[in-house]
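>>> Can you look at this prediction? I've put the sequence above it.
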Amino acid sequence: MNLPSATNERDDSFVEYFKYMGVMNQVMSLCRQIQSDVQSGQHKYMAHQIALLYQSLGALGKPAVEVRKEIEANFGRVKGTTEGSKVPTLPEEIQRWLMAKTRDVVRVVLPSSPPIHEHLRPVTKFLRA
């Protein structure tokens, strides 16, 4: 089997693939953590977690644009509820919204979704060669 050389144009494809996979893993992990914390009532750091999710979604590009807009629209309310309270608890409405949005994000970044196929194409071409 011929491995790609350091000057091979396919190297860039592999780098992009691994970057995308890293971001996808980060987004999936954040979504799982947010879901777990919402369900367990651990809302103290929710604004920070949502900010990290928002930032990570930026690296996914177009598929995450709508979710980022919704995070922007609701961030102030989450931050206002969780900061300055000894036992912060998000309102049921925000909890439901977070659970729904994290499920939406998971659907966007799952391996079966179209965006990942774009990133996998160079890798699958190389493996077939």
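Thanks, I have the structure now. Note that the structure is predicted; figures quoted are calculated from it, not measured.
>>> going forward, measure contacts and count neighbours with C-alpha atoms only.
Noted.
>>> Going by residue numbers, what spans are helices in this protein?
For the chain, the helices defined by DSSP state H cover 10-40, 46-58, 65-82, 92-109, 114-128.
>>> Any chance of TSV for those, columns mean pLDDT?
Listed next are the helices of the chain as TSV, based on pLDDT from 0 to 100:
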stretch	mean pLDDT
helix 10-40	86
helix 46-58	95
helix 65-82	93
helix 92-109	91
helix 114-128	65
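>>> okay, these, which one's buried deepest?
Sort those by mean neighbour count, taking mean count of other CA atoms under 10 Å, and helix 46-58 sits at the top with a mean of 19.
>>> helices or strands up against that helix?
The contact analysis (3 or more CA pairs under 8 Å, 6 or more residues apart in numbering; DSSP states H and E) places helix 46-58 against helix 10-40, helix 65-82.
>>> Please repeat the previous calculation with a cut-off of 10 Å.
Identification of packing neighbours for helix 46-58 by 3 or more CA pairs under 10 Å, 6 or more residues apart in numbering; DSSP states H and E yields helix 10-40, helix 65-82, helix 92-109.
>>> Columns distance to residue 58 on top of those helices, output as CSV?
Converted to CSV, the helices and strands packed on helix 46-58 look like this (distance: least, CA to CA, whole Å):
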stretch, distance to residue 58
helix 10-40, 10
helix 65-82, 8
helix 92-109, 12
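>>> Look up how far residue 86 lies from the residue nearest in space to the middle of the chain.
Nearest to the mean C-alpha position of the chain, by CA atoms, centre = their mean, lies residue 27 at 2.5 Å. Distance of residue 27 to residue 86, given as CA to CA, to the nearest Å: 28 Å.
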